[in-house]
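*Asks:* missing the sequence, but the structure's below:
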Ligand SMILES: O=P(O)(O)OC[C@H]1O[C@](O)(COP(=O)(O)O)[C@@H](O)[C@@H]1O
Ligand SMILES: [Mg+2]
Ligand SMILES: [Mg+2]
């Protein structure tokens, strides 16, 4: 029987063999994995635990928070604040940054997270998840400010997500490809189950919320129309559609078998670049996809090159199989032509 590699051992080998992970980052990732395990247990409880339904509060996005949004947020904060590897955290569920109290040692990393992604699916037993992104705290000044977080996605030192579905699966990159770990509930630990995940460059599967079609911009409309036209149309092949409405689940499918995921700008809120958030949704997912051989743009430029100006800023997201993302991007940059 092949020897099972635990998450801890994988990180230790990445540190020792590849010198990719400094000790503090390894500790941080282990703590995040433990926090995700606790969130997974809460999610699994469903109606047996007091975790379903809405809380009576709103978050900075103006969304009514779900109980699990808050439980997941608190679990990540509590688990990470005392370890000495973080200086501060930022979350979809918190307006400002959370600076690690000075009764604890100040670490050299910053972490951003979407504690519970796919909130609209919580009460209907569909896969949801946690998304995280790790940056280095800039040196040269004491304390931490919001501006320290406003680094482009290309500055990430680690990114990942944990999906709470039929399996609980943790997917991670530290810049050396993408690895996947499945939670072994008997052992209570994450075990390496895939390495060097690759996304096929071509695909016949697109994911977008079709109910927004009338609000889309011309390049997106053109791309989807061509897919829907199938083998008798300009693409000469039939396309299938999927939309789980949990970004973590739609992106996981793409890492597993390819595809293109789109949440583009649309006319419903023309002043917003998109629905999804740059710092703790698009950047970590964009880096994972790139590390697996795919692409991620906002329709015009590489998402990881976008210079953030606000903690909760939104962005148009087009990611997945390289050739399809390049096609949609070319339709934006050259409306008459494109690929
Ligand atoms: O309901 P819609 O418009 O299809 O949007 C679904 C998208 O919204 C999200 O649920 C937003 O994330 P949160 O659940 O973390 O707020 C994404 O996971 C998903 O891709
Ligand atoms: Mg989300
Ligand atoms: Mg969320």
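*Replies:* Received the coordinates, thanks. This structure is a prediction, so every number in the text was calculated from the model and none was measured. Numbering: from 1, shown residues only. Ligands and ions are numbered 1, 2, ... in the order given.

*Asks:* compute the first-to-last residue distance for stretch 39-50.
*Replies:* One end of stretch 39-50 sits 13 Å from the other (C-alpha to C-alpha, to the nearest Å).

*Asks:* buried residues in it?
*Replies:* 39, 40, 41, 42, 43 (16 or more other C-beta atoms under 10 Å). Glycine gets a C-beta too; all of them are placed from N, C-alpha and C.

*Asks:* what mean pLDDT does the helix or strand encompassing the first one get?
*Replies:* Spelled out, that is residue 39. Assessed by DSSP states H and E, residue 39 sits inside helix 23-45. Averaging pLDDT along helix 23-45 yields 97.

*Asks:* from the contact counts, what lies against it?
*Replies:* With contacts taken as 3 or more C-beta pairs under 8 Å, 6 or more residues apart in numbering; DSSP states H and E, helix 23-45 sits against helix 7-16, helix 67-80, strand 109-117, strand 128-136, strand 158-164, strand 168-173, strand 179-184.

*Asks:* circling back to that earlier point, okay, the buried residues of stretch 39-50 in JSON lines with distance to residue 142 next?
*Replies:* Converted to JSON lines, the buried residues of stretch 39-50 look like this (distance: C-beta to C-beta, whole Å):
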{"residue": "39", "distance to residue 142": "33"}
{"residue": "40", "distance to residue 142": "37"}
{"residue": "41", "distance to residue 142": "38"}
{"residue": "42", "distance to residue 142": "37"}
{"residue": "43", "distance to residue 142": "39"}
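
*Asks:* turn those residues into CSV, including distance to ligand 1.
*Replies:* Output for the buried residues of stretch 39-50, formatted as CSV (distance: C-beta to the nearest ligand atom, whole Å):
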residue, distance to ligand 1
39, 13
40, 16
41, 20
42, 16
43, 13
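
*Asks:* any chance of those in JSON lines, with distance to ligand 3 too?
*Replies:* Output for those, formatted as JSON lines (distance: C-beta to the ion, whole Å):
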{"residue": "39", "distance to ligand 3": "12"}
{"residue": "40", "distance to ligand 3": "16"}
{"residue": "41", "distance to ligand 3": "19"}
{"residue": "42", "distance to ligand 3": "15"}
{"residue": "43", "distance to ligand 3": "13"}
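
*Asks:* tell me how many other residues crowd the closest residue to residue 259 other than its chain neighbours.
*Replies:* Among residues not flanking residue 259 along the chain, residue 205 sits closest, at 4.1 Å (C-beta to C-beta, 6 or more residues apart in numbering). Look at residue 205: counted by other C-beta atoms under 10 Å, it has 19 neighbours.

*Asks:* for stretch 212-225, what is the average pLDDT?
*Replies:* Average pLDDT, stretch 212-225: 97.

*Asks:* that one near ligand 1 anywhere?
*Replies:* No: figure legend: stretch 212-225 not in contact with ligand 1 (C-beta under 6 Å from any ligand atom); closest approach 7.1 Å.

*Asks:* also stretch 197-207?
*Replies:* No: judged by C-beta under 6 Å from any ligand atom, stretch 197-207 stays clear of ligand 1, getting no closer than 8.7 Å.

*Asks:* report the distance from that stretch to the chain centre.
*Replies:* Relative to the centre of its chain, stretch 197-207 is centred 17 Å away, using C-alpha atoms, centre = their mean, to the nearest Å.

*Asks:* who's in contact with residue 202?
*Replies:* 258, 321, 323, 324 (C-beta atoms under 8 Å, 6 or more residues apart in numbering).
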